[in-house]
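Trainee: pasted the sequence and its predicted model underneath.
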There are 2 protein chains.
Amino acid sequence: MHPDVSQKTVGRWSLYRRLLDALSRTEQRYILSSDLARRSGVTASQARRDLMHLEVAGGARGYEVQALLRAINAQLAPAEPQAVALIGVGNLGRALLSYFQGRRPTLQLVAAFDIDPHKIGRVIHGCRCYPLDELEAILEREAARIVILTLPGEAVATLGPRLIKAGIRAVLNFAPSHLDLPPSIHVEDVDITMSLEKAAFFAATQEQRS
Amino acid sequence: MHPDVSQKTVGRWSLYRRLLDALSRTEQRYILSSDLARRSGVTASQARRDLMHLEVAGGARGYEVQALLRAINAQLAPAEPQAVALIGVGNLGRALLSYFQGRRPTLQLVAAFDIDPHKIGRVIHGCRCYPLDELEAILEREAARIVILTLPGEAVATLGPRLIKAGIRAVLNFAPSHLDLPPSIHVEDVDITMSLEKAAFFAATQEQRS
């Protein structure tokens, strides 16, 4: 693992992995970095630099798909499975439980949290739902260091100190609120509403122009 | 509307709007741009520049929350409702139908598409599901110029020419594949698996360091 590799490179490795994974199920055995770049929507020189970190030799026909896949897996997949918890079992939370469950054997959804008594105690898409009050205790017991936040913005604002106390190392934040966490905790923001509004804004702008 | 405003500014307006919307339901009537910046996780000078585009006057107590909200709404919300379609009614697609339905009155989910005969013809979270074969005809009929893609990567690859033909102006793409579309069509990529893998990578890196 390269602790000094950039966040963007890690993101692109993840993207390349999925493209290579799809390719590995076809007849194609080799791929040129320029072809991988085109399919990923990045520049050819960017893809070359990203692949250089992997120390896989490429020939005239390009890189061997399986060799690249193994090298990226070795970088991205931790040797030990990592436990993940999800906070906020609304529509989006429920969908993500179902979406991620079993998708990556090394990322295990071990607990979900909510404040709704109708959800607490139930197993939702294979994941047990606990009361939010017990957050720190359950995260500790399950050794979960990664949390997915799918609760309303206001609810997230007060969660920071509790996540720090629970020893969380990375957050995937779907709430529109900014989390005030120390830089040692990695925060990955995914704002779905903002993305749709941006798309709508540019669609309307196109309309005016045309 | 400013057709020349940057994509990032539009994204931040959308984020500010949600923060202001939450504030408008509290007692707080004014906000300093530096405070809005802190809550949004952007620099103070960035927030000041973003607000300058809105041409709202700020005083010593900062900006009036309601005035800012109205100004951002005027920028972001098109005068007429925009029709949105969703392609791929799997777990994620279903969750997004439920998540977006009724969230913004100006963004209306008018049609969903799938190839599964068990889904076709059903109304899912208030949205009718049509066969993917009828994509162009239904998009035309509903005047939908924005599509949300929630299908597997391989399925997306062949969709480009059909979206162009249907006159699509913006795409919110949840599939890991890059869409080959002309620059006049705005593509907003949201890659959830990549985001979780990035979070996990940095969580594991932290673990090694500590």
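Mentor: Happy to help now that I have it. These numbers come from a predicted model, not from an experiment.
Trainee: buried stuff in stretch A:172-184?
Mentor: A:Leu172, A:Asn173, A:Phe174, A:Ala175, A:Pro176, A:Ser177, A:His178, A:Leu179, A:Leu181 (16 or more other Cβ atoms under 10 Å in any protein chain shown). Heads up, the C-betas are built off the backbone N, CA and C, glycines and all.
Trainee: those also near chain B: which ones?
Mentor: Checking the buried residues of stretch A:172-184 against chain B by Cβ under 8 Å from any Cβ of the partner chain, the ones in range are A:Leu172, A:Pro176, A:Ser177, A:His178.
Trainee: ok, the buried residues of stretch A:172-184 vs chain B, which is closest?
Mentor: Set against chain B, the nearest of those by Cβ to the nearest Cβ is A:His178 (3.6 Å).
Trainee: for the closest one, grab phi and psi.
Mentor: When quoted as degrees, to the nearest 10, the phi and psi of A:His178 stand at phi -80, psi 140.
Trainee: so what touches the host helix or strand of A:Pro161?
Mentor: Counting by DSSP states H and E, the element that carries A:Pro161 is helix A:160-165. Contacting residues not belonging to helix A:160-165 are listed as A:Leu135, A:Glu136, A:Val147, A:Val171, A:Leu179, A:Asp180, A:Leu181, A:Pro182, A:Ile185 [Cβ atoms under 8 Å, 6 or more residues apart in numbering or on different chains].
Trainee: that older thread, just the ones of the ones next to chain B among the buried residues of stretch A:172-184 in strands?
Mentor: A:Leu172 (DSSP state E).
Trainee: re the thing from before, among the contacts of helix A:160-165, which are located in helices?
Mentor: If you go by DSSP state H, these have A:Leu135, A:Glu136 in helices.
Trainee: when you compare pLDDT across the contacts of helix A:160-165, which one is lowest?
Mentor: By pLDDT, A:Asp180 ranks lowest within those, coming in at 79.
Trainee: apart from its neighbours in sequence, what residue is nearest that one?
Mentor: A:Gly160 (5.0 Å; Cβ to Cβ, 6 or more residues apart in numbering or on different chains).
Trainee: if I look at the residue in chain A positioned nearest to chain B, how far off is B:Ala83?
Mentor: For chain A and chain B, the shortest gap (Cβ to the nearest Cβ) falls at A:Ala95, measuring 2.7 Å. According to Cβ to Cβ, to the nearest Å, A:Ala95 stands 23 Å off from B:Ala83.
Trainee: more neighbours: which of those two?
Mentor: The neighbour comparison of A:Ala95 against B:Ala83 (other Cβ atoms under 10 Å in any protein chain shown) goes to A:Ala95, with 24 against 18.
Trainee: many thanks, we can stop here.
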